[in-house]
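Chemist: Need a 3D model of the following:
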Amino acid sequence: CIGIKLPKALKSGLLVGVGFVGLSVVTALLTSSLGPALSKMVEIYGLELGIFDMGWPSAAAVAYNTSVGAFIIPVCLGVNLLMLLTKTTRTVNIDLWNYWHFAFIGAIVYFASDSILWGFFAAIICYIITLVMADMTAPAFQKFYDKMDGISIPQPFCQSFVPFAIVINKLLDMIPGFDKLNIDSEGMKKKFGLMGEPLFLGIVIGCGIGALGCASWQEVVDSIPGILGLVMELIPRITSLFIEGLKPISDATRELIAKKYKNSTGLSIGMSPALVIGHPTTLVVSLLLIPVTIFLAVILPGNRFLPLASLAGMFYLFPMILPITKGNVVKSFIIGLVALIVGLYFVTELAGFFTLAAKDVYAATGDPTVNIPAGFEGGALDFASSLFCWGIFHLTYSLKIVGPAILVILALGMAVYNRIRMTRKDAKEALENK
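Modeler: As a prediction, this is how the structure comes out:
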């Protein structure tokens with residue numbers, strides 16, 4: 001229906017399908033290899049924090065198994081169409097799976113307030129802000145990553161870390177001499193040789209985690225290091241399948257819209273961040289942050305969330321951070337560290353509302369994915385650790401009338417600013433092309 005010939009469409013579909021299966025298998029490998037060792041660490045060191053890490057599959061199940069989730073796709077597609085018609089966005093968001101993030105914020109607001117209208121309000125506000133952010137970050141995203149022309153990332157978890165990245169990046173630039181630490185993934189390979197390779201780092205960090213959670217060195221050698229090294233090596237190869245499969249779909253969608261609608265130049269096709277999580281800097285920084293995050297979760301005062309299952313999704317923190325840091329490993333690590341520290345407190349603070357929603361969904365569906373163990377509350381880094389989720393929830397639920405008014409002003413203000421910004425950019429380009 002978008003004009004791709006059958007053989008090409010079939011090949012694209014197969015490549016995307018293989019990519020999704022491959023990514024699921026690799027993520028499951030990571031979770032299954034880390035899980036026992038991390039659980040053993042919890043047992044050995046008595047790390048009882050009270051909030052059980054349900055992982056993103058549980059958050060997605062909560063999102064889609066609610067009244068908000070049942071209608072989130074048509075509602076958001078309607079908002080996207082309206083924004084395209086009013087020229088307040090140029091992103092056509094076809095990343096339908098990740099609509100669960102918008103359903104999630106809507107679901108927890110719905111259960112907290114007992115109002116489906118407030119639930120949809122929160123979801124729509126989050127969607128509008130995310131589309132504008134996708135437009136604003138698209139040029140840097142397309143410039144930094146290879147083969148990403150005409151693509152943006154309208155995924156709120158990734159976009160929510162952009163404010164952290166911009167502020168911290170500017171602060172780091174103000175530190176005298178910090179610019180000398182301009183080390184990217186290629187620089188690490190040149191400077192440290194084999195030790196700078198994600199594959200080698202995966203094996204080393206795997207040995208460290210295994211040493212803390214395995215009964216013998218034989219267990220360590222047999223499991224974690226090899227799996228972590230395998231994950232670091234396979235993810236870039238799998239993401240290349242996504243790119244090869246989704247690029248023709250993106251190009252054809254953009255061409256179809258250009259034929260059907262006038263003045264549709266400059267459109268971006270919104271796609272999943274899975275396209276770019278294989279970047280070496282993302283792999284290196286994510287890997288380094290796994291043991292650091294576990295350590296911080298244990299020592300941070302007031303935190304009650306110990307991330308275990310969520311660690312497999314660490315890669316999704318960085319797709320929109322890297323274009324801001326230009327792939328600098330040190331900057332990306334610091335930004336990720338700050339974002340995760342704040343995120344742990346966000347998850348802790350929202351755990352009661354997550355638990356309320358999860359228990360209701362489990363009672364209605366019996367889905368074991370959302371079954372929280374007795375004596376625990378539930379939580380997940382994705383999407384509950386994001387600034388968008390925490391901020392929109394409290395402005396909608398906690399501040400009642402004032403909070404929603406602030407959100408409406410913010411969302412509409414961003415949309416209008418986006419239209420003005422894009423109009424001025426078009427006018428400037430038109431003058432330059434004369």
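
Chemist: Mind jotting down where the strands sit in the stretch 51-200 of the chain?
Modeler: With DSSP state E, counting those that start in this stretch as the criterion, the stretch 51-200 of the chain has strands at 51-53, 91-93, 151-152.

Chemist: who wins for proximity to residue 287 among those?
Modeler: strand 51-53 (18.4 Å; C-beta to C-beta). C-beta coordinates here come from the backbone N, C-alpha and C atoms, glycine included.

Chemist: count of neighbours near the nearest residue to residue 303 once chain neighbours are set aside?
Modeler: Taking C-beta to C-beta, 6 or more residues apart in numbering as the measure, residue 303 lies nearest to residue 344, with 4.8 Å between them; neighbours along the chain are not counted. Burial of residue 344 is recorded as 25 neighbouring residues (other C-beta atoms under 10 Å).

Chemist: what does residue 82 give?
Modeler: 12.

Chemist: still on that earlier bit, does the residue nearest to residue 303 touch residue 300 like I think?
Modeler: Yes. Judged on C-beta atoms under 8 Å, residue 344 makes contact with residue 300 at a distance of 6.3 Å.

Chemist: re earlier: residue contacts, the residue nearest to residue 303?
Modeler: 293, 296-297, 300, 303, 305, 307, 385 (C-beta atoms under 8 Å, 6 or more residues apart in numbering).

Chemist: which intervals of the stretch 301-434 of the chain have sub-threshold pLDDT?
Modeler: For the stretch 301-434 of the chain, the stretches with pLDDT under 70 are 434.

Chemist: How are the helices of it distributed by residue range?
Modeler: 322-325, 329-365, 381-384, 387-397, 402-433 (DSSP state H, counting those that start in this stretch).

Chemist: Indicate which one of these is closest to residue 78.
Modeler: helix 402-433 (14.9 Å).

Chemist: Packing partners of the closest one?
Modeler: helix 116-144, helix 387-397 (3 or more C-beta pairs under 8 Å, 6 or more residues apart in numbering; DSSP states H and E).

Chemist: what's the last one in contact with?
Modeler: Outside of helix 387-397, the residues within contact range by C-beta under 8 Å, 6+ apart are 104-105, 108-109, 112-113, 118, 121-122, 125-126, 129-130, 156-157, 159-161, 163-164, 342, 346, 349-350, 353, 383-384, 403-404, 406-407.

Chemist: For ChimeraX, write a command that selects the buried ones of the residues you listed.
Modeler: Remark: buried members of these, expressed as a ChimeraX selection using 16 or more other C-beta atoms under 10 Å:
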select :104,105,108,109,112,113,118,121,122,125,126,129,130,156,157,159,160,161,164,346,349,350,353,383,384,403,404,407
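
Chemist: what's near enough to touch the residue nearest to residue 418 when sequence neighbours are not counted?
Modeler: Nearest residue to residue 418, sequence neighbours excluded (C-beta to C-beta, 6+ apart): residue 132, at 4.7 Å. Residues in contact with residue 132 (C-beta under 8 Å, 6+ apart) are 88-89, 414-415, 417-418.

Chemist: burial count for residue 396?
Modeler: 27.

Chemist: Give me the distance between it and residue 378.
Modeler: Distance, residue 396 to residue 378, using C-beta to C-beta, to the nearest Å: 21 Å.

Chemist: likewise residue 415?
Modeler: 34 Å.

Chemist: In terms of neighbours, single out the busier of the two.
Modeler: More neighbours surround residue 378 than the other of residue 415 and residue 378, with 29 against 20 (other C-beta under 10 Å).

Chemist: List the beta-bridge partners for the more buried one.
Modeler: Partner residues in beta bridges with residue 378, using DSSP bridges, are residue 52.

Chemist: For it, give its distance to residue 370.
Modeler: In terms of C-beta to C-beta, residue 378 sits 8 Å off from residue 370.

Chemist: Mutual contacts of these two, please.
Modeler: Counting by C-beta under 8 Å, 6+ apart, the residues touching both residue 378 and residue 370 are 54, 58, 358.

Chemist: The first one: how many residues sit nearby?
Modeler: Put plainly, it is residue 54. The number of residues near residue 54, taken as other C-beta under 10 Å, comes to 27.

Chemist: if I read this right, it contacts residue 359, doesn't it?
Modeler: No. Look at residue 54 against residue 359 with C-beta under 8 Å: they stay out of range, at 11.7 Å.

Chemist: Now for these two: what residues contact both?
Modeler: residue 372.

Chemist: is it true that residue 130 touches residue 154?
Modeler: Yes. With contacts counted by C-beta under 8 Å, residue 130 reaches residue 154, the gap being 5.2 Å.

Chemist: what touches both of those two?
Modeler: Contacts common to residue 130 and residue 154, judged by C-beta under 8 Å, 6+ apart, are absent.

Chemist: any idea how far residue 168 lies from residue 415?
Modeler: Distance from residue 168 to residue 415, by C-beta to C-beta: 26 Å.

Chemist: Excluding residues flanking it in the chain, which one is nearest residue 411?
Modeler: residue 128 (4.4 Å).

Chemist: With distance to residue 268 as extra columns, can I get the helices of the stretch 301-434 of the chain in JSON lines?
Modeler: Converted to JSON lines, the helices of the stretch 301-434 of the chain look like this (distance: least, C-beta to C-beta, whole Å):
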{"stretch": "helix 322-325", "distance to residue 268": "14"}
{"stretch": "helix 329-365", "distance to residue 268": "23"}
{"stretch": "helix 381-384", "distance to residue 268": "22"}
{"stretch": "helix 387-397", "distance to residue 268": "20"}
{"stretch": "helix 402-433", "distance to residue 268": "11"}
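
Chemist: got any ranges where the stretch 1-150 of the chain has weak pLDDT?
Modeler: Along the stretch 1-150 of the chain, the model assigns pLDDT under 70 to residues 1-4, 6, 16, 19-20, 23-24, 26-48.
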